[in-house]
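Student: only geometry, no sequence info:
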């Protein structure tokens with residue numbers, strides 16, 4: 001079996017050593033062009049912004065932020081459904097940040113001495129947005145907080161939500 005390779009040379013502006021010069025372009029005829037490459041379009045803002053203090057331990061307060069609100073979404077019903085899915089997953093995260101994919105796995109982690117959340121509220125539509133409370137006795141370890149924020153982002157993204165998530169203090 002033969003392998004066919006193709007080497008393209010001289011397709012752009014090159015320096016004396018034959019290396020391509022960054023920013024050089026080629027005209028439609030294949031000749032080097034002095035026209036600059038187009039500037040990329042500005043990036044759209046992220047669809048979901050989660051403030052860093054969501055689920056984070058606050059030294060000055062002596063506890064973790066366990067309540068958050070999702071603001072700016074177009075449809076609170078979609079947010080409520082996403083938070084209901086996130087709530088099931090939140091209850092399966094242990095203090096090391098591992099998400100257990102069954103209630104039995106989370107129960108086994110708890111039986112082995114790993115902390116898991118005690119309770120999660122139903123999402124509540126308020127004047128600010130949709131709030132949710134996760135009871136972790138005021139102490140959410142950093143690895144657990146990272147996983148909780150990841151789950152929150154995933155569920156909101158999967159629901160197509162564009163929103164801002166902030167801690168309620």
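Tutor: Perfect, I can see it now. Keep in mind that this is a model prediction, so the values were computed, not measured.

Student: which SS state does the closest residue to residue 62 other than its chain neighbours fall under?
Tutor: Among residues not flanking residue 62 along the chain, residue 138 sits closest, at 7.7 Å (CB to CB, 6 or more residues apart in numbering). From N, CA and C alone the C-beta is placed, and that goes for glycine too. Judged by DSSP: H, G, I helix; E, B strand; the rest coil, the three-state class of residue 138 is coil.

Student: tell me the contacts of residue 138?
Tutor: 62, 63, 64, 66 (CB atoms under 8 Å, 6 or more residues apart in numbering).

Student: For the spatially most central residue of the chain, what is the enclosing helix or strand?
Tutor: For the chain, residue 153 is the residue whose C-alpha lies nearest the centre (CA atoms, centre = their mean; 4.6 Å). Element membership for residue 153 (DSSP states H and E) is helix 142-158.

Student: I would like the residues contacting that helix, please.
Tutor: With contacts defined as CB under 8 Å, 6+ apart, helix 142-158 is touched by 47-48, 50, 54-57, 64, 68, 70, 79, 82-83, 85-86, 89-90, 93-99, 115, 134, 136, 140, 163, 165.

Student: go with 6 Å
Tutor: 48, 50, 55-56, 82, 85-86, 89-90, 93, 95-97, 99 (CB atoms under 6 Å, 6 or more residues apart in numbering).

Student: go on, stretch 86-106?
Tutor: 109, 114-117, 120, 134, 141, 143-144, 146-148, 151-152, 155.
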